[in-house]
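Novice: got a predicted model here, sequence first, then my questions.
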Amino acid sequence: MEYNKLISVSGMSGLFELVSSKNDGAILRSLEDKTTKFVSSRVHNFSHLESIEVYTIRENVNLVDIFKAMEASKEKQPSEKDPKAVKAYFQKVYPDMDFERVYASDMKKMVKWFAVLQSNNIEAKLSEGESEE
């Protein structure tokens with residue numbers, strides 16, 4: 001499974017692999033329970049993980065950069081249920097993050113998504129076709 005096929009779906013928790021797309025939605029496979037289902041694009045919004053950026057005090061960075069910093073860090077992963085611990089974790093792991101604009105809920109998602117990537121042995125990297133600006 002490749003990082004560039006992973007998406008987040010509004011209103012649904014977890015990460016999904018894009019199996020196939022259709023005019024009115026997509027067929028997705030959950031990374032957590034491996035179930036496959038059709039999700040309508042009329043009800044939900046899809047976000048490719050490759051296209052998600054995070055606010056920093058300088059220029060925005062891609063989510064991959066945050067995941068790489070998390071992987072390189074020796075800090076213990078916090079429970080996503082404790083917002084203060086999650087914020088303290090990111091202040092150590094990625095201190096350039098703009099904590100005024102990145103909400104606690106976003107940081108909790110990043111911790112949860114990173115755990116899902118680790119459990120599925122997926123390397124967080126941008127595809128070769130992605131151009132640097």
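Specialist: Arrived safely, thanks for sending.
Novice: need the contact partners of stretch 26-36.
Specialist: Stretch 26-36 has contacts (C-beta atoms under 8 Å, 6 or more residues apart in numbering) with 1, 6-7, 9, 14-21, 37-39, 41, 46, 116, 120. In short, each C-beta sits where N, CA and C put it, glycine included.
Novice: at 7 Å instead, please
Specialist: For stretch 26-36, contacts defined as C-beta atoms under 7 Å, 6 or more residues apart in numbering pick out 14-20, 37-39, 41, 46, 116, 120.
Novice: which strands or helices does the longest helix along the chain pack on?
Specialist: Counting residues, the longest helix found in the chain (DSSP state H) is helix 104-119. In terms of contacts (3 or more C-beta pairs under 7 Å, 6 or more residues apart in numbering; DSSP states H and E), helix 104-119 is packed against helix 63-72, helix 83-93.
Novice: ok, and what's touching that helix?
Specialist: Outside helix 104-119, the residues that touch it by C-beta under 7 Å, 6+ apart are 14-15, 31-32, 66-67, 70, 77-78, 80, 83, 86-87, 90, 124.
Novice: now, of those, which are buried?
Specialist: Leu15, Leu31, Ile66, Phe67, Met70, Gln77, Pro78, Glu80, Val86, Lys87, Phe90, Ala124 (16 or more other C-beta atoms under 10 Å).
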